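J.: okay, sequence plus prediction incoming.
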Amino acid sequence: MKEINTPIIPSKATFIGAQKTLDHKAICVFSALGFFLDDDTYFLEQKVLKPANQYTIDNGSTTATQPYFKWHHTPVERPFKQVVEEFAVLFEQIIEEQVGNRKVILPLSGGLDSRTQACALHYLKKDVSAYSYAFEGGHDETKYSKQIAEVCGFAFKDWRIPNGYLWNKIEDLAKINGCYSDFTHPRQMAFIDQYAQMGDVFSLGHWGDVLFDDMGVADDLTVEQQVAVLFKKVVKKGGLELATTLWKEWNMEGNFEDYLYQRLKSLLLKIDIPQSANAQIRAFKSLYWAPRWTSVNLSIFEHEKPITVPYYDNRMCAFICTVPEKYLAGRQIQIEYLKMRNPDLAKIVWQGQKPFNLYSYHFNKKPYNMPYRILDKVKRTLNPKKHIQRNWELQFLGTENEKQLKERLLENEKMNAVIPTELTNAFYQKFKTEDDVYYSHPVSMLLTLSLFFKQNQ
């Protein structure tokens, strides 16, 4: 007999059950969202262990007891300064325990989550090798990451994601993430051969932006209103059309959109945080989005070195449930932590609020931001060359990319046995001739399904 306690936010999925019968409903949801919902997998008989549960496995039979943690909103009123200090102690304790004396590999961006990690690692005097990457032909997003590394005294690597890197790595990626995420998002795969020589353990900043922010809604939203918000958040552009088309192709009963809406509503009602819509939506995302989408591609890092994810720590989740919502809104806690521990880091431009930093971002509004916006527009007018902004542009556009994409989409007999070539080609043609932004997600999901069927059917 074996006992398993799943984390509140698992960093990897634990599968139970056999891979026998395709779960068409689950695959339709996957096509719409880009991740499987709840404990779904590709197969009816196989499930994923749910977060924050105790399981007993005995002779192949798996039994779940009551969850040992349930997301809640029990704010303890105290001064904001005290909350920031509590976060500092907890965050640094978690990182200290996670990395110890090992050399840390730190992916950096111009945002707040990895900057907060850099701050803690520097304060704790850890040996860190940092890196960042930008799209080839895109805006230089490594500029602020390099400044963060320089302030902290970290070694730093500046990488460019090359056009079409996916095609010589896609089979490996499919094996690593099990085809449980589309292939255009995990940019880290481009540099998988580089990580091992950089250090001993990853420190990853995933999910800080969800835990330490509000959800942008009024706290008194009704359940129906919350479901409507969630529906818009989780369904990708073109995803509903693809899922609905597959639903009809497989002769499923009812209407896919109604089915998905009711599933979202049912899962939301189980959370039961009536006093705060923000807390309830945050809990929903942490239960169903983080482990089934965000965590999937953590496997790429873990394929090379052990990973640590401080924002995933059970204690951090419990802490969030005690923080008044007014302090979570607007990333206030991380911002004040950075100002408190390392003002020089806070003075570096916040990429999402360019050209302002953590002391001045409040001025990112008219009329204060007009000089920057005018100058930026002039630069774009004088240099009208298109900048790569999205992952799929590097993978799907251009002659060689199109050749590779069409081959995998349309010349896979195992895929064609489940999804007709005509259906796949119809979406590919819409991507080519109607709206590449809108149909990039359906094409990406069909590519993912193609690799899944090739490896599993």
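T.: That came through, no problem.

J.: separation between E253 and W247?
T.: Per C-beta to C-beta, to the nearest Å, E253 is found 9 Å from W247. Bear in mind the C-beta positions are built from the backbone N, C-alpha and C, glycine included.

J.: who has more neighbours out of these two?
T.: Comparing E253 with W247 by other C-beta atoms under 10 Å, the one with more neighbours is W247, at 24 against 7.

J.: quick check: which element contains that one?
T.: helix 239-249 (DSSP states H and E).

J.: helices or strands up against that helix?
T.: Applying 3 or more C-beta pairs under 8 Å, 6 or more residues apart in numbering; DSSP states H and E, one finds that helix 239-249 contacts helix 24-33, helix 256-271, helix 421-433, helix 436-456.

J.: list the buried residues of it.
T.: Residues of helix 239-249 classed as buried: G239, L240, E241, L242, A243, T244, T245, L246, W247 (neighbour count, 16 or more other C-beta atoms under 10 Å).

J.: tabulate the residues you listed (a markdown table), appending distance to L264.
T.: Listed next are the buried residues of helix 239-249 as a markdown table, based on distance: C-beta to C-beta, whole Å:
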| residue | distance to L264 |
| --- | --- |
| G239 | 14 |
| L240 | 13 |
| E241 | 18 |
| L242 | 18 |
| A243 | 13 |
| T244 | 16 |
| T245 | 20 |
| L246 | 18 |
| W247 | 16 |
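
J.: now the residue positioned nearest the centre of the chain: how far from L397?
T.: Central residue of the chain (C-alpha atoms, centre = their mean): T294, 3.5 Å from the mean position. The spacing between T294 and L397, counted by C-beta to C-beta, is 26 Å.

J.: again, but for R115
T.: 32 Å.

J.: between those two, which one's more packed in?
T.: Neighbours were counted for R115 and for L397 using other C-beta under 10 Å; R115 has more, 31 against 18.

J.: shouldn't the more buried one be in contact with I148?
T.: Yes - using C-beta atoms under 8 Å, R115 is in contact with I148, at 5.6 Å.

J.: need the residues touching each of the two.
T.: L108, L345, I348 (C-beta atoms under 8 Å, 6 or more residues apart in numbering).

J.: where does pLDDT dip in the stretch 251-400 of the chain?
T.: The stretch 251-400 of the chain contains residues with pLDDT under 70 at 379-389.

J.: strands along that one, start to end?
T.: All strands of the stretch 251-400 of the chain, identified by DSSP state E, counting those that start in this stretch, fall at 307-308.

J.: repeat for the stretch 1-150 of the chain
T.: Going by DSSP E, counting those that start in this stretch, the stretch 1-150 of the chain shows strands at 2-5, 15-16, 47-48, 54-58, 61-64, 104-107, 128-135.

J.: save the ones you listed as JSON lines, and put in mean neighbour count too.
T.: Output for the strands of the stretch 1-150 of the chain, formatted as JSON lines (neighbours: other C-beta atoms under 10 Å):
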{"stretch": "strand 2-5", "mean neighbour count": "12"}
{"stretch": "strand 15-16", "mean neighbour count": "16"}
{"stretch": "strand 47-48", "mean neighbour count": "20"}
{"stretch": "strand 54-58", "mean neighbour count": "14"}
{"stretch": "strand 61-64", "mean neighbour count": "12"}
{"stretch": "strand 104-107", "mean neighbour count": "25"}
{"stretch": "strand 128-135", "mean neighbour count": "22"}
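
J.: is it possible to export these to a markdown table including mean pLDDT and distance to M340?
T.: Below are the strands of the stretch 1-150 of the chain laid out as a markdown table (pLDDT from 0 to 100; distance: least, C-beta to C-beta, whole Å):
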| stretch | mean pLDDT | distance to M340 |
| --- | --- | --- |
| strand 2-5 | 84 | 34 |
| strand 15-16 | 92 | 43 |
| strand 47-48 | 96 | 39 |
| strand 54-58 | 83 | 38 |
| strand 61-64 | 72 | 42 |
| strand 104-107 | 97 | 20 |
| strand 128-135 | 90 | 20 |
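
J.: any chance of the ones you listed in a markdown table, with distance to S286 too?
T.: Listed next are the strands of the stretch 1-150 of the chain as a markdown table, based on distance: least, C-beta to C-beta, whole Å:
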| stretch | distance to S286 |
| --- | --- |
| strand 2-5 | 17 |
| strand 15-16 | 21 |
| strand 47-48 | 15 |
| strand 54-58 | 19 |
| strand 61-64 | 19 |
| strand 104-107 | 21 |
| strand 128-135 | 26 |
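
J.: what's the closest of those strands to C152?
T.: Evaluated with C-beta to C-beta, the strands of the stretch 1-150 of the chain place strand 128-135 nearest to C152, the distance being 7.0 Å.

J.: which elements pack onto that closest one?
T.: Partner elements for strand 128-135 (3+ C-beta pairs under 8 Å, 6+ apart): strand 104-107, helix 113-123, helix 143-152, strand 155-161, helix 391-396.

J.: chain center to the helix or strand where V210 lies: distance?
T.: Using DSSP H and E, V210 sits within helix 208-211. From the chain centre to the centre of helix 208-211 is a distance of 11 Å (C-alpha atoms, centre = their mean, to the nearest Å).

J.: list the contacts of it.
T.: For helix 208-211, using C-beta under 8 Å, 6+ apart, the contacting residues are 111-113, 116, 282, 285-286, 289-290, 311, 316-317, 320, 328, 331, 334.

J.: if you count neighbours, what's buried in it?
T.: For helix 208-211, by 16+ other C-beta under 10 Å, it's G208, V210, L211.

J.: beyond that helix, next helix or strand please.
T.: Assigned by DSSP H and E, the successor of helix 208-211 is helix 223-234.

J.: orientation of that following helix relative to helix 24-33 in degrees?
T.: 70 degrees (axes from the mean of the first three to the mean of the last three C-alpha atoms, to 10 degrees).

J.: what angle do helix 223-234 and helix 239-249 make?
T.: Going by the same axes, to 10 degrees, helix 223-234 makes 100 degrees with helix 239-249.

J.: buried stuff in helix 223-234?
T.: Q226, V227, V229, L230, F231, V234.

J.: for K454, state which of those is nearest.
T.: The closest of the buried residues of helix 223-234, once distances to K454 are taken by C-beta to C-beta, is V234, at 27.1 Å.

J.: kindly state the pLDDT recorded for the closest one?
T.: pLDDT, V234: 95.

J.: once you drop chain neighbours, what's closest to it?
T.: L33 (5.0 Å; C-beta to C-beta, 6 or more residues apart in numbering).

J.: likewise E92?
T.: A120 (5.1 Å).

J.: so the one you found is in contact with I95, correct?
T.: Yes - with contact defined as C-beta under 8 Å, A120 and I95 form a contacting pair (5.1 Å).

J.: of these two, who's got more company?
T.: A120 (24 against 21).

J.: please export the C-alpha coordinates of stretch 436-452 as PDB.
T.: Extracted in PDB, the C-alpha atoms of stretch 436-452 (Å, rounded to 0.1, in the frame of the first residue of the first chain):
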ATOM      1  CA  ASP A 436      -3.700  33.900 -39.000                       C
ATOM      2  CA  VAL A 437      -3.900  35.300 -35.400                       C
ATOM      3  CA  TYR A 438      -7.400  33.900 -34.800                       C
ATOM      4  CA  TYR A 439      -6.700  30.500 -36.300                       C
ATOM      5  CA  SER A 440      -3.100  30.100 -35.000                       C
ATOM      6  CA  HIS A 441      -4.500  28.300 -31.900                       C
ATOM      7  CA  PRO A 442      -6.600  25.700 -33.800                       C
ATOM      8  CA  VAL A 443      -3.600  25.000 -36.000                       C
ATOM      9  CA  SER A 444      -1.300  24.700 -33.000                       C
ATOM     10  CA  MET A 445      -3.800  22.300 -31.300                       C
ATOM     11  CA  LEU A 446      -4.200  20.200 -34.400                       C
ATOM     12  CA  LEU A 447      -0.400  19.900 -34.600                       C
ATOM     13  CA  THR A 448      -0.300  18.800 -31.000                       C
ATOM     14  CA  LEU A 449      -3.000  16.200 -31.600                       C
ATOM     15  CA  SER A 450      -1.100  15.000 -34.700                       C
ATOM     16  CA  LEU A 451       2.000  14.300 -32.600                       C
ATOM     17  CA  PHE A 452      -0.100  12.600 -30.000                       C
END
